[in-house]
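model this:
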Amino acid sequence: MTDKKTKNRAHWENEEKKLDELVDKAMWPGGEKAVERLAKQKKRPVRELISKLIDKGTRFYELSRIAGFGMNYPEVKDVPCGGMVTGLGKIHGNWTMIMANDSRVKAGTYFPITLKKHMRAQAIADRCGINTVYIADSGGAFLPMQADVFPDDQQFGSMFYNMARMSAKGLKQITLSTGGNTAGGAYIVFMACQSVMIDKLSYSFLGGPPLVKMATGEVISAENLGGATVHTQISGGADNFCKDQSEAIEKVREILSLEPPQKLYSHRYPEAPPRVPEESIYDALPATIHRSINVRKVLEAIADDSAFHEYKKNYAPGRGSNIATGKIRIKGLPVGVIASNGVGIVFVESARKVTEWIVRCSQEKIPILFIQNSPGYMVGTESEHMGIGKYGADMVRAVSCAQVPRIQLVIGPDNGAANYGMCGRAYRPHFLFDTMRGRTSVMSGRSAAGVLLSIEERKREVKGNPMSEEERQAFSEKMIEKYDGEAHPFYCGARILNDRVLKFAEIRDWLAMAFEISLLKPIGEPAFGNFRF
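Residues are numbered from 1 along each chain as shown. Model (predicted):
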């Protein structure tokens with residue numbers, strides 16, 4: 001291994017250790033004391049329940065693990081893991097979305113980031129046509145922030161709207177109540193296709209005993225007001241009575257045991273491992289974010305047999321080659337690829353090639369993987385006169401209208417309009433994964449500092465108070481810190497601007513899972529907007 005490769009690998013392995021540290025904080029809020037408190041309540045941590053719920057020997061693909069850090073809400077700085085666990089696992093061989101409140105985080109109450117995480121998971125389940133299991137243990141809305149979580153679209157009521165709409169499509173909504181579900185949280189139980197409650201552990205009511213006493217003067221226990229016996233034998237609000245969590249998990253599995261097997265709407269070829277180690281990505285990607293890359297080295301590490309069937313490889317050398325297009329297979333699944341190459345700047349020729357390839361993939365009904373490492377579209381007189389705006393817009397139109405599953409993987413700069421043309425979050429990819437090398441923002445810190453400094457200098461000159469060299473330096477450093485900080489995968493992951501920050505060694509497995517789930521629904525016919533040829 002060359003010295004440069006050694007340094008690259010060491011750098012990224014160190015960066016991924018920082019990811020591990022943050023994930024550990026997310027998965028163990030409150031530490032051992034919190035687990036001990038659960039045990040006294042005859043509860044287990046939700047990830048233990050999930051491990052029993054999914055098929056033995058299979059894997060749970062957890063999403064948005066670092067959500068909620070650094071949110072600085074009133075009274076709360078961090079909401080570890082967004083206060084809930086979401087992810088994908090197989091139950092009786094069928095992919096299922098699993099969502100679980102973590103009562104160790106503010107009694108499972110909902111902050112704005114909790115709502116965003118909950119509804120992102122529902123959106124994936126709805127789009128991919130899979131059932132959902134809710135493991136419910138929530139005090140409802142975080143009351144000090146009620147104006148931010150209760151009344152609007154994409155706030156509390158939207159969770160139940162989504163449940164109703166998915167149920168109407170035939171997507172099962174199964175709730176396992178493992179604790180108290182109060183006020184709005186109660187509807188997770190009541191709106192399920194089937195719900196499971198546990199004796200003297202599950203409670204569900206629109207208003208708990210304190211509110212009932214205040215409103216009516218009635219004094220009643222939680223058990224007698226809305227326990228498992230009440231709702232399975234008297235009110236009919238729940239369907240299945242269990243004595244403990246273990247029995248309840250088996251009941252959920254039993255309910256889903258009669259679901260028909262899922263069908264994959266794609267031919268699957270025999271799988272072949274890459275001819276190079278998956279870890280070779282660590283050597284191929286420079287530690288310096290804005291350095292040129294050879295994206296074919298990345299594809300070698302994730303493609304079956306390391307084979308990349310390239311499209312228009314020799315088109316417009318130096319300008320069309322800044323994006324590589326073609327086909328690979330990932331664990332037997334055929335995938336179209338659009339991958340930033342070199343320094344990743346999108347030229348007119350690159351944009352035209354990408355637009356054409358998106359249309360071709362859409363016609364062939366094969367999903368598309370966007371590997372994003374682009375600081376933006378090329379600017380300047382020459383590019384404008386050649387039509388970068390027009391052809392860049394065509395690229396954005398094609399991305400917007402492509403009816404095939406689309407997944408974005410960010411491995412470098414992700415700035416400006418290139419975020420749009422390469423299927424960023426606003427373009428609704430089925431999944432969006434980041435890496436520790438990803439940097440998502442309107443522009444790099446250095447570019448932003450230059451633009452904003454020139455504006456600040458003009459303002460100060462008009463006021464007759466020009467900036468000193470020390471002030472210029474301090475201003476630039478502040479802007480660089482702000483923009484680069486907000487572009488970091490930790491910042492983006494905390495706000496669920498990605499579905500997971502992947503280690504390089506995880507990329508192939510996660511892409512295979514994501515494409516498989518995305519292909520569980522039929523692919524429609526292509527229909528594209530108004531191209532300006």
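
hmm, who's touching the helix ranked longest in the chain?
Longest among the helix segments of the chain by residue count, using DSSP state H, is helix 3-27. When contacts are defined by CB atoms under 8 Å, 6 or more residues apart in numbering, helix 3-27 is touched by residues 1, 47, 65-69, 80-81, 279, 282-287, 436-437, 490, 501, 503-504. (Glycine included, C-beta is placed from N, CA and C.)

what residues are up against the residue lying closest to residue 228 once chain neighbours are set aside?
Of all residues not flanking residue 228 in the chain, residue 197 sits nearest, at 3.7 Å (CB to CB, 6 or more residues apart in numbering). Residues in contact with residue 197, defined by CB under 8 Å, 6+ apart, are 177, 189, 204, 227, 228, 231, 232, 238, 240, 241, 242, 248.

got the confidence number for the fifth one?
Just to be clear, that refers to residue 228. On pLDDT, residue 228 comes in at 97.

just checking, it touches residue 181?
No: with contact defined as CB atoms under 8 Å, residue 228 does not count as touching residue 181 (11.5 Å).

what residues are shared contacts of the two?
residue 202.

who's more crowded, the two?
Taking other CB atoms under 10 Å, residue 228 and residue 181 do not tie; residue 181 has more neighbours (30 against 24).

using the three-state scheme, assign that one.
The three-state label for residue 181, taken from DSSP: H, G, I helix; E, B strand; the rest coil, comes out as strand.

could you find the closest non-adjacent residue to it?
For residue 181, ignoring the flanking residues on the chain, the nearest one in space by CB to CB, 6+ apart is residue 204 at 4.5 Å.

still on that earlier bit, narrow the contacts of helix 3-27 to those that are buried.
Using 16 or more other CB atoms under 10 Å as the burial test, the contacts of helix 3-27 include 65-69, 80-81, 282-286, 436-437, 490, 501, 503-504 as buried.

among these, which lie within strands?
residue 501 (DSSP state E).

just the buried ones among the contacts of helix 3-27: which are in helices?
Going by DSSP H, the helices hold 282, 283, 284, 490 from the buried ones among the contacts of helix 3-27.

where's the residue of the chain positioned farthest from its centre relative to residue 519, distance?
Distance to the chain centre peaks in the chain at residue 464, reaching 48.8 Å (criterion: CA atoms, centre = their mean). Look at residue 464 and residue 519: by CB to CB, to the nearest Å, they are 64 Å apart.

now residue 297
In terms of CB to CB, residue 297 sits 27 Å off from residue 519.

of the two, who's got more company?
Neighbours per residue, other CB under 10 Å: of residue 297 and residue 519, the larger number sits with residue 519, 23 against 15.

so what's the more buried one closest to, chain neighbours aside?
Excluding the flanking residues, the one nearest residue 519 by CB to CB, 6+ apart is residue 266, at 4.6 Å.

contacts only, for residue 453.
Applying CB under 8 Å, 6+ apart to residue 453 gives the contacts 472, 475, 476, 479.

the last one belongs to a helix?
Looking back up the chat, that one is residue 479. Yes: under three-state DSSP, residue 479 sits within a helix.

surely it touches residue 447?
No: using CB under 8 Å, residue 479 is not in contact with residue 447; the gap is 9.7 Å.

mind listing residues that contact the strand or helix carrying residue 166?
Using DSSP states H and E, the element containing residue 166 is helix 156-168. Contacts with helix 156-168, where a contact means CB under 8 Å, 6+ apart, come from 110, 115, 118-119, 122-123, 125-126, 132, 140-141, 149-150, 173, 184, 187-188, 191-193.

gap between it and the chain center?
Helix 156-168 sits 20 Å away from the centroid of its parent chain (CA atoms, centre = their mean, to the nearest Å).

can you check stretch 394-405 too?
Distance, stretch centre to chain centre, for stretch 394-405: 20 Å (CA atoms, centre = their mean).

so where do the helices sit in the stretch 151-300 of the chain?
For the stretch 151-300 of the chain, the helices defined by DSSP state H, counting those that start in this stretch cover 156-168, 187-190, 209-216, 222-226, 228-229, 245-255, 281-284, 295-302.

could you dump those helices into CSV with distance to residue 354 added?
Converted to CSV, the helices of the stretch 151-300 of the chain look like this (distance: least, CB to CB, whole Å):
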stretch, distance to residue 354
helix 156-168, 33
helix 187-190, 42
helix 209-216, 57
helix 222-226, 55
helix 228-229, 56
helix 245-255, 44
helix 281-284, 22
helix 295-302, 13
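
looking at these, which has the lowest confidence?
Lowest mean pLDDT within these: helix 209-216, a mean of 90.

what sits up against that one?
With contact meaning CB under 8 Å, 6+ apart, helix 209-216 is reached by 207, 218, 219, 220, 221, 222, 225.

save the residues you listed as a markdown table, and put in neighbour count and distance to residue 20 too.
Converted to a markdown table, these look like this (neighbours: other CB atoms under 10 Å; distance: CB to CB, whole Å):
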| residue | neighbour count | distance to residue 20 |
| --- | --- | --- |
| 207 | 16 | 42 |
| 218 | 10 | 51 |
| 219 | 8 | 50 |
| 220 | 14 | 47 |
| 221 | 10 | 44 |
| 222 | 17 | 39 |
| 225 | 17 | 43 |
